[in-house]
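Undergrad: pasted the sequence and its predicted model underneath.
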Protein chains: 2
Amino acid sequence: MAEPDSLKAPRRGRSSRPPRQRMDTDARREQLLDLGLGMFAARTYDAVSIDDVAVAAGISKGLLYHYFPTKRDFYVAVVCEAARRLLEVTSPPLELLPLERLVHGLQGYLTFVDAHALTYAALLRGGIGTDEDVIRVVEGAREKIIERLLEGIGQESPTALLRLLLRGWIGFVEATSLHWIEHRDLARDELLQLWVQQLVRTLPRETAKS
Amino acid sequence: MAEPDSLKAPRRGRSSRPPRQRMDTDARREQLLDLGLGMFAARTYDAVSIDDVAVAAGISKGLLYHYFPTKRDFYVAVVCEAARRLLEVTSPPLELLPLERLVHGLQGYLTFVDAHALTYAALLRGGIGTDEDVIRVVEGAREKIIERLLEGIGQESPTALLRLLLRGWIGFVEATSLHWIEHRDLARDELLQLWVQQLVRTLPRETAKS
């Protein structure tokens, strides 16, 4: 789908703006989300203005609003995109054995944390107030990871305790990731090994055996 | 200190407002922070208006701005207050033995989580964007808890790994707290025991012995 021809927002001529480019809808959406990932990771929500996003993307404010009706809509879409990418890079090939799948997933996770430290921290730390949609996206991603873990250890009807422990272990991984981004005082492989070791220690004995 | 007599903001007479009360500065500040804790826990940052806070407190907007110049200042002060209260209720009496201190601190933590579930969740989950001041307050509280733990296990010059592990354990406690608030599928004592057990499992062997 191409972008709409007529834009209701007035176009003011400003020679300093980069020239406007016509793009396919999906490509444009992806470009805007990429921009958002960079901008919201580096600045506060209040400091990101829709004007700045439009200028950086080389499009009119009207066209930007066509994709995302409000700044909050844009922000929630950016958080969704970060969570989607994180789940994608941690998705292990099905032909691997359970432990290999775990290590593969954690390697993908650590690569994401390492390469997108600011985005990762922004995704997890949140900023100001409470936002139901943001919480739903982030908790949804954790839920998905718990499902993968349960599948990996062959527990299709997990106890409430097992779910709680896995959620706690994810909290451990997230907290050590945030600490590691800031201090980097451990080798990547050591951190990875720590996560695996901690999972084994966290699981109840009867689960760990299976 | 008493409140200022002259207020620059115009007072519009509205019969539905509760009557204004004169209060001592500290008492007023505490009243406003109490209100903020309730309001920000229940609504998004955008949905809380300075007008609503002033009406709920029975004071003028001008007087509210005298205490907190912007809504964000108010929000950050509320987060500080939540962190201060959490640290206060988890502070153990010095005459206790290390393990007793740990259990006492965790009992205080769980009581806070239980009684102020919404505030606790809002404190940890954040909402939208990134905010350096909010991160500093929340990370500062965690840092304080790590210092208490290190003191408790008699480690005054901890290794980088030990600090990372304790930060991870706090992540475990926070994640399981958030999960527990929502599901409540474990007795309080079971959750408490889980936290202690998990700390023992997390600490390196040579630390756990001491």
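TA: That came in fine, so what should we check first?
Undergrad: identify each buried residue in the helix ranked longest in chain A, please.
TA: If you go by DSSP state H, chain A has its longest helix at helix A:160-183. By 16 or more other CB atoms under 10 Å in any protein chain shown, the buried positions in helix A:160-183 come out as A:162-180. Bear in mind the C-beta positions are built from the backbone N, C-alpha and C, glycine included.
Undergrad: remind me what that helix packs against, helices and strands.
TA: For helix A:160-183, the elements it packs on are helix A:98-115, helix A:117-125, helix A:132-152, helix A:188-202, helix B:160-183, helix B:188-202, judged by 3 or more CB pairs under 8 Å, 6 or more residues apart in numbering or on different chains; DSSP states H and E.
Undergrad: which of the helices or strands spans the residue nearest to A:E81 when sequence neighbours are not counted?
TA: Counting by CB to CB, 6 or more residues apart in numbering or on different chains, A:E81 lies nearest to A:L33, which is 4.4 Å off, once chain neighbours are set aside. Under the criterion of DSSP states H and E, A:L33 resides in helix A:25-42.
Undergrad: who's in contact with the residue nearest to A:L37 when sequence neighbours are not counted?
TA: Counting by CB to CB, 6+ apart, A:L37 lies nearest to A:T119, which is 5.3 Å off, once chain neighbours are set aside. Residues near A:T119 by CB atoms under 8 Å, 6 or more residues apart in numbering or on different chains: A:L37, A:G38, A:A41, A:A82.
Undergrad: what's the most distant pair in those?
TA: A:G38 and A:A82 (11.1 Å; CB to CB).
Undergrad: more crowded one of these two?
TA: The residue with more neighbours, out of A:G38 and A:A82, is A:A82; 25 against 15, by other CB atoms under 10 Å in any protein chain shown.
Undergrad: so that one: helix, strand or coil?
TA: Assigned by DSSP: H, G, I helix; E, B strand; the rest coil, the conformation of A:A82 is helix.
Undergrad: how is chain A divided into domains?
TA: Using automatic domain parsing, the domain ranges for chain A come out as A:25-74, A:81-205.
Undergrad: poorly predicted segments of chain A, please.
TA: Residue ranges of chain A with pLDDT under 70: A:1-21, A:126-129, A:206-210.
Undergrad: figure out how far the helix or strand that contains A:D51 is from the centre of its chain.
TA: For A:D51, the element it lies in under DSSP H and E is helix A:50-57. Relative to its chain's centre, helix A:50-57 lies at 22 Å (CA atoms, centre = their mean, to the nearest Å).
Undergrad: and it, what does it pack against?
TA: helix A:25-42, helix A:61-67, helix A:71-89.
Undergrad: got a list of contacts for that helix?
TA: Contacts for helix A:50-57 (CB under 8 Å, 6+ apart): A:17-18, A:28, A:31-32, A:35-36, A:39, A:60-61, A:63-65, A:71, A:74.
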